[in-house]
Structure formats: structure tokens, C-alpha cells
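Asker: give the three-dimensional model of this entry:
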Amino acid sequence: MRRLVVITGPPGSGKTTAAIRVAEELRSRGLEVGGFVTREVREGGARIGFDVVELSGASSVPLARKGPSGPHRLGSYAVFPENLEELGIPAITAAVERGAVLIVDEVGPMELMSRRFVEAVGSSVSSLERSLFTVHFRAKHPLIERLNSSATLRLVVRFGEAERVAREAVNHLLG
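Answerer: Take a look at the predicted model:
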């Protein structure tokens, strides 16, 4: 049976923390896990951007930074979809090819700027037995609608609930 978990919640509520915990727990149980997380980058206590980090931790690239100008902007951030395509898409493809549990954190406005990312996630949805996606709380996009309608479990994480959400997701993915 195919199992697809979608985790959503407000910014800073623990979506990434839950995704990392799920990856750690599944690995500890002998499952292969692939994909990436999007981590906040802070400097002097202030958020200055986001990095895309391969789940193995071996590679990371900037997804967005405050301030610099560029062709892709979202609010005060310059967004670098080419970096997502360089690291995130191969991580998705490798997980699909290996039949690993795919974890993608997150599907949100910055990531959706990449048509190639949208295509890679879209094709992975029906290809895998087990997958987990975190989704931006308020984002609207056909890919997000597809993820939500395909989900076999949808969880909303609130502040302080990342561990509980991770446990529920792991239990569902292990079935």
C-alpha cells in the first residue's frame, strides 16, 4: 500500500524538525531515506535566508538570502531556484531510483519558482511506496493540491508538536 504523508503548519512551527526526526527514525529501523530539508540560516539571531540540505548532510546550497538582488525575488529574499535544481532534484531522483523513502522539506513559494522542481516532485508522487512532504501553510499551487489530495495522512504541526507529529508520521509510513 502506498503511503504519502503531508505535514503542514505555520512558519517556524517545526515542519523541518519533524521531517528530520522522521528520517532519523526510519534510518534507525533500517530503511533507506533520501531527499532534502530546507533549513533557516541565521546570523546574529536574525534569519538571513534558507539553505537546501541533502538528508545525508553531505551537501548544501543556498536557496534564498536577504538583500541581494536577482531575477527571482520573494519578499525581501533573493531566491536561487538553480541551486534547488542542482541539489534537490538529484536528491529526489536518487531516492526514487533506489526506492528509498523520499522526504522533501518543503514545497513552498520559493521551491515552486522552479518548474523542474515541480515536475520532479509531481512525478515522484505516484512512483514511491513511501514519501513525506512538508508543505507551506498558506501556499496555493496545483502541486500542493495534488499532494494534499494524494496524502494518506495529513498532519498539521503547531509550535512544540514536532516530536508528536514525527511519531505519527513514522507510524503511518511503517504501516
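Asker: ramachandran angles for S60?
Answerer: phi -150, psi 150 (degrees, to the nearest 10).
Asker: secondary structure element holding L128?
Answerer: Following DSSP states H and E, there is no helix or strand that holds L128.
Asker: contacting residues for the closest residue to it other than its chain neighbours?
Answerer: Leaving aside its sequence neighbours, L128 sits nearest to L102 (Cβ to Cβ, 6 or more residues apart in numbering; 5.4 Å). Heads up, the C-betas are built off the backbone N, CA and C, glycines and all. Contacts for L102 (Cβ atoms under 8 Å, 6 or more residues apart in numbering) come out as G34, G35, I92, A95, V96, S124, L128, R130, S131, L132.
Asker: mind redoing it with 10 Å?
Answerer: 4, 33-36, 55, 91-96, 121, 124-125, 127-133 (Cβ atoms under 10 Å, 6 or more residues apart in numbering).
Asker: ditto for V135
Answerer: 6-9, 15, 104-108, 141, 143-144, 147-148, 151, 154.
Asker: swap in V165?
Answerer: Residues near V165 by Cβ under 10 Å, 6+ apart: 5, 7, 9, 13-15, 17-19, 21-22, 134, 155-158.
Asker: drop anything exposed from those.
Answerer: Neighbour-count burial (16 or more other Cβ atoms under 10 Å) applied to those gives 5, 7, 9, 13-15, 17-19, 21-22, 134, 155, 157.
Asker: so which of those residues belong to helices?
Answerer: Of the buried ones among the contacts of V165, the ones assigned to helices by DSSP state H are K15, T17, A18, A19, R21, V22.
Asker: closest to E163 among these?
Answerer: R21 (6.6 Å; Cβ to Cβ).
Asker: could you report the pLDDT at I92?
Answerer: According to the prediction, I92 has pLDDT 96.
Asker: show me the helices in this structure, by range?
Answerer: Under DSSP H, the chain gives helices at 15-28, 81-98, 115-125, 142-150, 162-174.
Asker: determine which stretch of the ones you listed is the most buried.
Answerer: Stretch with highest mean neighbour count among the helices of the chain: helix 15-28 (a mean of 20; mean count of other Cβ atoms under 10 Å).
Asker: output the lowest mean pLDDT helix or strand found in this protein.
Answerer: Of all the helices and strands that make up the chain, strand 73-74 has the lowest average by mean pLDDT, DSSP states H and E, namely a mean of 92.
Asker: give the contact list for G14.
Answerer: G14 makes contact with 7, 20-21, 134, 157-166 under the criterion Cβ under 10 Å, 6+ apart.
Asker: wait, I meant H172
Answerer: R3, L4, V5, V22, R130, L132, A151, T152, L153, L155.
Asker: brilliant, that's me finished.
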